[in-house]
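J.: Task: produce atomic coordinates for the following.
(one chain, ligands or ions: 1)
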Amino acid sequence: MYRTSNEEDLAMAALEAAPDGILIVDDVGTILKANPATELLTGYSPDELWGQPISVFLPPHMRSKHSHLVKSFFLHPVSRPMGMVSQLQLLRKDGLPVPVDIALGHCTMGERSVAVVFIRDMTAVKRLQEDMHYQATHDGLTGLVNRWMFMQHFEQAIQRARRSGRMMGLLLLDLDEFKDVNDSHGHAAGDQVLIEVARRLRSGLRAGDVIARLGGDEFTVLLPELPSKDHAVEVAQKLQRSLSARCQLTMGEVSLSASIGMTVFPDDAQDTGTLMRFADMAMYAAKAHGRSTHAMYRPEMSEALRQRSQIHERLKRAVEAQALELHYQPQVDVSTGTIVGVEALLRWQDAELGNVPPDRFIPVAVSTGLIHPLGDWVLETACRQAAEWADNGTPVRVSINLSAQQFRQQQLPMRLQQLLDQYGARAELIELEITETEAMADPDATRQVCARLCALGFSIALDDFGTGYSSLSYLRLLPVSRLKIDREFIRQLTHNDNDAVLVRAVIAMAHTLGLPVVAEGVETAAQLAFLRSNGCESFQGWLFAKALPAVDISRMLGTPGSPITLTQRYFA
Ligand SMILES: Nc1nc2c(ncn2[C@@H]2O[C@H](COP(=O)(O)O[C@H]3[C@@H](O)[C@H](n4cnc5c(=O)[nH]c(N)nc54)O[C@@H]3COP(=O)(O)O)[C@@H](O)[C@H]2O)c(=O)[nH]1
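T.: From the prediction side, this is the model:
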């Protein structure tokens, strides 16, 4: 072992080299010695500190309390290691606080009892802790609080609202068709959209409101001071307006929208878990009504959600097992009764649920993403069938309904071309139907997709026409081949003057644009007569035939002129 006779030199070397600040303080709190590291930490030189009270490092209001602590330490001197007291701070010479940790030792120097104070700068540790806390409580992409932190805020807000008897609103937002942005433009674009959504939400809300990203494209907003239920609706509308402005990305523009579910404390429920569940149900109810909608929770939604989950579960299995069917409804020439086309319509007979109409399962498929495999199966089945009828010498145009999600898929034209090649089908025998509302949601994007499809030889029909308030100038620019008048207008046609006027106007407008018209849902001879006298080209409806299995359509196509005896008299 190395020994030296000069113990004082050794002690001095230790003080000089120590990375922590070290102070030697007497029993009344006067600094007797400070090492060089103290200067780095506090800004005071060792000479300046000599003779100063230790309380020089404290704000004035804490000084008298601290002198009591010094006294009690010297009455019962006990060593204290680092890490025993949290949140300690020291005031530097320049007045700035520094987070520190302090260890205490005690010894006697001659007759005097002294404390040795070890001071460690915790700035870097503190920053690291704060970074870790931020990462654990915030969403790294948007900077909004994350689910965990949101639930803490939510819990505290409920307790405060309970005490004050205040009402509180919870909004759950889910972006519409966000998956399409990722699929079509890539994940970097998806990230830009999420950041922009967070920015728009922040700028549309008050400072006290809590906004969080729960994950994926799901956001939530807590309105801790809600004057009334109507106010929550106003906030939802305001957010939807701010989200609807087009979003400029580095790779182009996209349109945004969100579905919003709302619930209110204490009216709907009094705990966080139930309120989150109710907001989720309301959000799904909103989604079922299309893009950019909002819904306030209602107790009936619980039952509706149970049914939707059941449909989702069963539909998933049915899609995997290819247990759905396509039926085909004839489209008939108004003057001759000849079948000029057929519309492919999904049919689903489930072992547990029985016959589930498309109106019930398509919205579920859309909101759960099942529409992608399901829609693809429809495309494939209809293309194969179109090729089969053509090969059998009875070619007929097959119309296929496209969901908005399918229509916006970048790979749709390529996929259709692939199916044509695979089954030897001809593009001119395939018509793709998109609803007027979907088409007008983003007319420029619609025009571009339609142009790509038309270039491949497909034709496009605008479905449910009359419900989407198309602007004539946009319609002129869309490369569509046909307009289909929504069956709602045909239903009352012969009893309601307004509908008759509207149908006449739609036919005239379509003809001005050079487009033929198909009337949907024709059930009576009177409706057919009206359409004929107003120049409508073709119709589809139960008057002629419901949607039928392919084999029945094959029989009809193979025997021209004798579809269903009842209707022959209308085409003398
Ligand atoms: N994206 C996809 N959507 C699809 C697909 N298959 C169907 N659908 C859409 O579901 C909605 C309901 O369809 P459905 O219950 O099949 O109803 C169609 C016809 O059966 C019905 N119709 C036809 N004639 C009459 C009639 O005389 N009276 C009467 N009450 N109903 C009649 O109209 C529906 C036609 O729908 P459309 O022409 O598409 O508007 C419907 O929105 C379908 O589009 C699919 O594969 N993909």
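J.: Give the full set of residues in contact with the residue of the stretch 51-200 of the chain at minimum distance from the ligand.
T.: With Cβ to the nearest ligand atom, the shortest gap between the stretch 51-200 of the chain and the ligand falls at Glu177, namely 13.8 Å. All C-beta spots, glycine's among them, are computed from the backbone N, C-alpha and C. Residues near Glu177 by Cβ atoms under 8 Å, 6 or more residues apart in numbering: Arg291, Ala404, Gln405, Arg408.
J.: wait, what's in contact with the third one?
T.: When you say that, I think you mean Gln405. Taking Cβ under 8 Å, 6+ apart, one finds Glu177, Lys179, Asp180, Val366, Ile371, His372, Gly375 in contact with Gln405.
J.: Pipe those residues into a markdown table and attach pLDDT and secondary structure per row.
T.: Listed next are these as a markdown table, based on pLDDT from 0 to 100; DSSP: H, G, I helix; E, B strand; the rest coil:
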| residue | pLDDT | secondary structure |
| --- | --- | --- |
| Glu177 | 83 | coil |
| Lys179 | 82 | helix |
| Asp180 | 80 | helix |
| Val366 | 89 | helix |
| Ile371 | 95 | helix |
| His372 | 95 | helix |
| Gly375 | 97 | helix |
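J.: most neighbours, which of these?
T.: Most neighbours among these, by other Cβ atoms under 10 Å: Gly375, with 24 neighbours.
J.: For that one, which non-adjacent residue is spatially closest?
T.: Gln406 (4.3 Å; Cβ to Cβ, 6 or more residues apart in numbering).
J.: quick one: the one you found and Leu374 touch, right?
T.: No - at 9.4 Å, Gln406 does not count as touching Leu374 under the criterion of Cβ atoms under 8 Å.
J.: quick one: the nearest residue to Glu520 once chain neighbours are set aside from Ile400, how far?
T.: Distance criterion Cβ to Cβ, 6+ apart; nearest residue to Glu520, sequence neighbours excluded, is Arg487 at 4.1 Å. Going from Arg487 to Ile400 by Cβ to Cβ, to the nearest Å gives 18 Å.
J.: neighbour-wise, which of those two wins?
T.: Ile400 (23 against 17).
J.: and Tyr265, how many neighbours does it have?
T.: Wrong residue type there; residue 265 is Phe, not Tyr. The burial count for Phe265: 25, using other Cβ under 10 Å.
J.: Torsion angles phi and psi at it?
T.: Backbone torsions of Phe265, given as degrees, to the nearest 10, read phi -100, psi 140.
J.: Which residues are in contact with it?
T.: Phe265 sits next to Ile158, Ala161, Met167, Met168, Gly169, Leu170, Leu275 when contact means Cβ under 8 Å, 6+ apart.
J.: Return the set of buried residues in stretch 384-404.
T.: For stretch 384-404, a neighbour-count test (16 or more other Cβ atoms under 10 Å) marks 384-387, 389-390, 394-404 as buried.
J.: Likewise for stretch 298-310?
T.: So for stretch 298-310, counting by 16+ other Cβ under 10 Å, buried means Met301, Leu305, Arg308.
J.: repeat for stretch 153-162
T.: Across stretch 153-162, burial judged by 16+ other Cβ under 10 Å covers His153, Phe154, Ala157, Ile158, Ala161.
J.: CA atoms of stretch 240-252 as CSV?
T.: Extracted C-alpha coordinates of stretch 240-252, given in CSV (Å, rounded to 0.1, in the frame of the first residue of the first chain):
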residue,chain,number,x,y,z
GLN,A,240,-64.5,18.8,-39.0
ARG,A,241,-64.5,22.1,-40.8
SER,A,242,-60.8,22.7,-40.0
LEU,A,243,-59.9,19.2,-41.0
SER,A,244,-61.7,19.4,-44.3
ALA,A,245,-59.3,22.0,-45.8
ARG,A,246,-57.1,20.2,-48.3
CYS,A,247,-53.8,19.1,-46.9
GLN,A,248,-50.6,20.0,-48.9
LEU,A,249,-48.0,17.2,-48.6
THR,A,250,-44.6,17.1,-50.2
MET,A,251,-45.9,14.4,-52.6
GLY,A,252,-49.1,16.2,-53.5
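J.: Name the surrounding residues that touch it.
T.: Taking Cβ under 8 Å, 6+ apart as the rule, stretch 240-252 contacts 185-186, 188-189, 192-193, 196-197, 200-201, 203-204, 253-258, 260, 292, 294.
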